[in-house]
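>>> sequence unknown, structure follows:
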């Protein structure tokens, strides 16, 4: 396998041979280079298509993850809201229980009785 793109598009050594300055050989070299350019163009196009497909797939994956994260955060927000509502009810119940406790009622009755006696 070749290491760089330039290795793929570089003309083969036989096109550089100085065997003859014959116009027919020059024409053949030109034709060989054109054919190589065409072959490389086909593969370059396939590589470009593959990279574009990769970009689109990554974009779809990114959008899916963003949607998943948004859905998770929405669920988190809902659960926290529900928890806070339950916690508020528990606190309200505790406060009501404390206000209506027998000790509080006796103390309240005693305070009222003392007030009337004085």
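Now that the structure is in, tell me what you want to look at. None of the values given here were measured: they were computed from a predicted structure.

>>> switch to C-alpha atoms for all contacts and neighbour counts from now on
OK.

>>> what average pLDDT does stretch 40-50 get?
The predicted model gives stretch 40-50 an average pLDDT of 93.

>>> where does this protein have low pLDDT?
Where the chain drops to pLDDT under 70, the residues are 1-5, 7-20, 101-118.

>>> which stretches of it form helices?
Taking DSSP state H as the criterion, the chain carries its helices at 5-9, 23-99, 102-117.

>>> okay, now residue 40: neighbour count?
15 (other Cα atoms under 10 Å).

>>> how far away is it from residue 28?
From residue 40 across to residue 28, the span is 18 Å (Cα to Cα, to the nearest Å).

>>> what does residue 79 give?
For residue 79 relative to residue 28 (Cα to Cα), the value is 76 Å.

>>> do residue 85 as well
85 Å.

>>> next one: residue 81
As judged by Cα to Cα, residue 81 and residue 28 stand 79 Å apart.

>>> for residue 77, same thing?
Residue 77 is 73 Å from residue 28, by Cα to Cα.

>>> same thing with residue 58?
Distance from residue 58 to residue 28, by Cα to Cα: 45 Å.

>>> what do you get for residue 70?
In terms of Cα to Cα, residue 70 sits 62 Å off from residue 28.

>>> then residue 59?
Applying Cα to Cα to residue 59 and residue 28 gives a distance of 46 Å.
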